[in-house]
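**Student:** Dropping the sequence and predicted coords here.
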Amino acid sequence: MVMHHLVPNASPDTNRFAKTRRPPLEPISNPKNNPHFEQPPITNNVNLTLPLRVIIPEVATAAAKEGTLVFHAIGDSGGVHGDDVQVAVAEAMEAQIKSATAPHKPAFLYHLGDVVYFNGQSELYGAQFYEPYQYYPAPIFAIPGNHDGDTRVRKGDEPDAEPSLFGFTENFCAPQPHQISAYRATMTQPYVYWTLDAPLVSIIGLYSNVEGTLDARGTFEQQRWLEQQLTGLKDKDGFIVVAVHHPPYSLDKTHGGYPDIVVALDQAMETTGVVPHAVLSGHVHNMQRFTRRRGNRQIPYVIDGRGGYANTDRLAHKLQKINGEYPATPVTARSEEDSSLDLDLNYYDQDSAGFLRVTVTAETLTIDSFSVSFDGTFDDTVKDTVTVTRNGELHAPGGHRARRR
């Protein structure tokens, strides 16, 4: 494991005015000197696991019996610029549920964070969450993103009178389900980081706070919890997926990957000896799929922040160019911080909205990517797919090339 320094690779004078530009194919950004951290709400609940059978018992029973569980995943959906694309993505997922037959019908949606922009205000949940998903016929689970927890006032914003994560916890972590909207009841997730215990798969959802760190400096509460979760799943049958809003790796030119998340996940794997089968993230407003090799394991790290916040091509995050061109895939990412990193970018889509569909069986976990055009049209065709086996072997058909502009 490589520990990332907390000093940017730039002189103080240079760093006063602009962040250091990452070299091409560098998938990890320089850490910030003083990352902004908002204290999550205090919880007295020591059991931060929610069994799927509590929410949809009939689905959990059928998945265990049939040996198949399917779900959707999106990130960064809050349609503060208009909900046209957000609704188009929702309608595309609805169509898949309606057209699929059991056991291949998606059973729920897992949101990878940034549900409501820009500060997660509870009053905006109606317009940015409940109305766009009013016809989505399955439960929606979530982890918070930076915009769900940030309380800082931006230019043009009204002062934020709510504490960090108030809107998120009110709508996703209610003690009991109640009809908070005409369209959907609240969820009863145990906390802002939590584990969804489902047949065939366990999804460990982390909260990476405002600027991509699990814990405040000098504290290790969530880190220890993550390691406890992995240890508890060591001898359990099924796949392990980690969901975290800030991506460990990204080749986009706006954000890049987050070194604290890299360190947190690597430390947890090193300490427990347990390697997740996949890592899902949002935050970056495009889709990227990486393969990381760790020992004899191949791990897909998949970003999908195309849920609808970026409703035009201009708002989508673009990758770094190499000699004036976007990279063709596959391409090997290189880290100045970690020379041992074995990471390839296999596919990306920076030109559309979209979502993921995850299919889990007893032996395989498959992640399919779908694209929704910014004009709202949807062709129900898999644009990229990857399958990982229980022992960490990865299979992806050839022929998928990066979309270039």
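**Tutor:** Done, it's in. Numbering: from 1, shown residues only.
**Student:** for the stretch 151-300 of the chain, which spans come out with low pLDDT?
**Tutor:** 154-159 (pLDDT under 70).
**Student:** Going by residue numbers, what spans are strands in it?
**Tutor:** 194-198, 201-205, 239-243, 278-281, 287-294, 297-304 (DSSP state E, counting those that start in this stretch).
**Student:** could I get the ones you listed as a markdown table with mean neighbour count and distance to Leu365?
**Tutor:** Glycine gets a C-beta too; all of them are placed from N, C-alpha and C. Shown next, in a markdown table, are the strands of the stretch 151-300 of the chain (neighbours: other CB atoms under 10 Å; distance: least, CB to CB, whole Å):
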| stretch | mean neighbour count | distance to Leu365 |
| --- | --- | --- |
| strand 194-198 | 23 | 12 |
| strand 201-205 | 24 | 7 |
| strand 239-243 | 25 | 5 |
| strand 278-281 | 26 | 6 |
| strand 287-294 | 22 | 14 |
| strand 297-304 | 24 | 9 |
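**Student:** how about these in CSV, adding distance to Ala316?
**Tutor:** Output for these, formatted as CSV (distance: least, CB to CB, whole Å):
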stretch, distance to Ala316
strand 194-198, 29
strand 201-205, 25
strand 239-243, 22
strand 278-281, 16
strand 287-294, 10
strand 297-304, 12
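**Student:** so which of those strands gets nearest Thr385?
**Tutor:** Nearest of the strands of the stretch 151-300 of the chain to Thr385, taken as CB to CB: strand 287-294 at 9.3 Å.
**Student:** quick check: angle from the closest one to strand 297-304?
**Tutor:** Per axes from the mean of the first three to the mean of the last three CA atoms, to 10 degrees, the angle that strand 287-294 makes with strand 297-304 is 160 degrees.
**Student:** ok, back up a step: out of the strands of the stretch 151-300 of the chain, nearest to Gln86?
**Tutor:** Proximity to Gln86, assessed across those by CB to CB, is greatest for strand 297-304 (13.9 Å).
**Student:** Give the pairing partners of the closest one; include direction for each.
**Tutor:** The pairing partners recorded for strand 297-304 under DSSP bridges are strand 278-281 (parallel), strand 287-294 (antiparallel).
**Student:** show me the contacts for the residue most central in space within the chain.
**Tutor:** The centre of the chain sits closest to Ser281, judged by CA atoms, centre = their mean, with a distance of 2.4 Å. Each residue near Ser281 by CB atoms under 8 Å, 6 or more residues apart in numbering is listed here: 75, 112, 243-248, 301-305.
**Student:** Off-centre distance for stretch 183-190?
**Tutor:** Relative to the chain's own centre, stretch 183-190 is displaced by 19 Å; criterion: CA atoms, centre = their mean, to the nearest Å.
**Student:** buried residues in it?
**Tutor:** Residues 184, 186-187, 189-190 are the ones in stretch 183-190 that count as buried (16 or more other CB atoms under 10 Å).
**Student:** Other residues contacting it?
**Tutor:** Residues from elsewhere that reach stretch 183-190, judged by CB under 8 Å, 6+ apart: 43, 45, 47-50, 54-55, 130-131, 133-134, 139-142, 170-180.
**Student:** Put the buried members of those residues into a PyMOL selection.
**Tutor:** Selecting the buried subset of those in PyMOL, with 16+ other CB under 10 Å as the burial test, is done by:
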select buried, resi 48+49+50+55+130+131+133+139+140+141+142+171+172+173+180
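**Student:** Looking at the contacts of stretch 183-190, which are in helices?
**Tutor:** Among these, the ones falling in helices (DSSP state H) are 54-55, 170-172.
**Student:** Those: which two are farthest apart?
**Tutor:** Longest distance between any two of the ones in helices among the contacts of stretch 183-190 is 19.6 Å, between Val54 and Glu170; criterion CB to CB.
**Student:** Any idea which of the strands of the stretch 151-300 of the chain gets closest to Glu211?
**Tutor:** Proximity to Glu211 (CB to CB) singles out strand 278-281 among the strands of the stretch 151-300 of the chain, at 14.5 Å.
**Student:** Just the CA atoms of that closest one, as PDB, please.
**Tutor:** Taking C-alpha atoms only, strand 278-281 is exported to PDB below (Å, rounded to 0.1, in the frame of the first residue of the first chain):
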ATOM      1  CA  ALA A 278     -16.200  -4.600  -7.800                       C
ATOM      2  CA  VAL A 279     -16.100  -0.900  -6.800                       C
ATOM      3  CA  LEU A 280     -18.800   1.500  -8.000                       C
ATOM      4  CA  SER A 281     -18.600   5.300  -7.800                       C
END
